[in-house]
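Participant: No letters, just coordinates:
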């Protein structure tokens with residue numbers, strides 16, 4: 001199953017809380033990513049612009065068309081031990 005993001009919450013700075021279709025969720029800091037070179041990433045260095053993120057087809061997307069593959073983000077967060085699952089009620 002391909003992971004998609006079902007919920008996105010802006011936490012300030014370059015941090016986002018995301019929830020995936022598999023029920024996992026967590027917080028990821030994109031500070032290192034926005035420092036990477038490239039014309040698509042330059043606008044994201046501004047926190048106000050970064051905060052304009054929205055979900056499009058299950059992927060974090062910005063007004064300039066830059067998006068992040070949810071599968072990549074899921075792998076990154078899993079490797080960094082940033083994901084957890086909600087306990088069943």
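Facilitator: Structure received. Small disclaimer: the values here were computed from a predicted structure and weren't measured. Numbers count the residues shown, from 1 in each chain.

Participant: And the longest strand seen in the chain, what's buried?
Facilitator: Longest strand of the chain, by residue count under DSSP state E: strand 5-12. Within strand 5-12, the residues scored as buried using 16 or more other Cβ atoms under 10 Å are 5, 8. Every residue, glycine included, has its C-beta placed from N, CA and C.

Participant: Any idea how far the helix or strand following that strand is from the middle of the chain?
Facilitator: Following strand 5-12 in sequence order, the next helix or strand is strand 15-20 (DSSP states H and E). The chain centroid and the centroid of strand 15-20 are separated by 6 Å under Cα atoms, centre = their mean, to the nearest Å.

Participant: List the buried residues of strand 15-20.
Facilitator: 16, 18, 19, 20.

Participant: what pairs with the second one across the strands?
Facilitator: Spelled out, that is residue 18. Using DSSP bridges, the bridge partners assigned to residue 18 are residue 8, residue 26.

Participant: Would you confirm that it contacts residue 25?
Facilitator: Yes. If you go by Cβ atoms under 8 Å, residue 18 and residue 25 touch, sitting 6.3 Å apart.

Participant: Spell out which residues are contacts of both of the two.
Facilitator: residue 7 (Cβ atoms under 8 Å, 6 or more residues apart in numbering).

Participant: if we can go back for a sec, closest one of the buried residues of strand 15-20 to residue 4?
Facilitator: residue 20 (6.9 Å; Cβ to Cβ).

Participant: I figured that closest one hits residue 28, correct?
Facilitator: No. The criterion here is Cβ under 8 Å, and residue 20 misses it with residue 28 at 11.4 Å.

Participant: Going by neighbour count, list what's buried in the lengthiest helix in the chain.
Facilitator: Using DSSP state H to define each element, the chain has its longest helix at helix 70-79. Of the residues in helix 70-79, 70, 73, 74, 77 count as buried by neighbour count, 16+ other Cβ under 10 Å.

Participant: which ones are touching residue 29?
Facilitator: 13, 14, 15.

Participant: per-residue confidence at it?
Facilitator: Per-residue confidence (pLDDT) for residue 29: 97.
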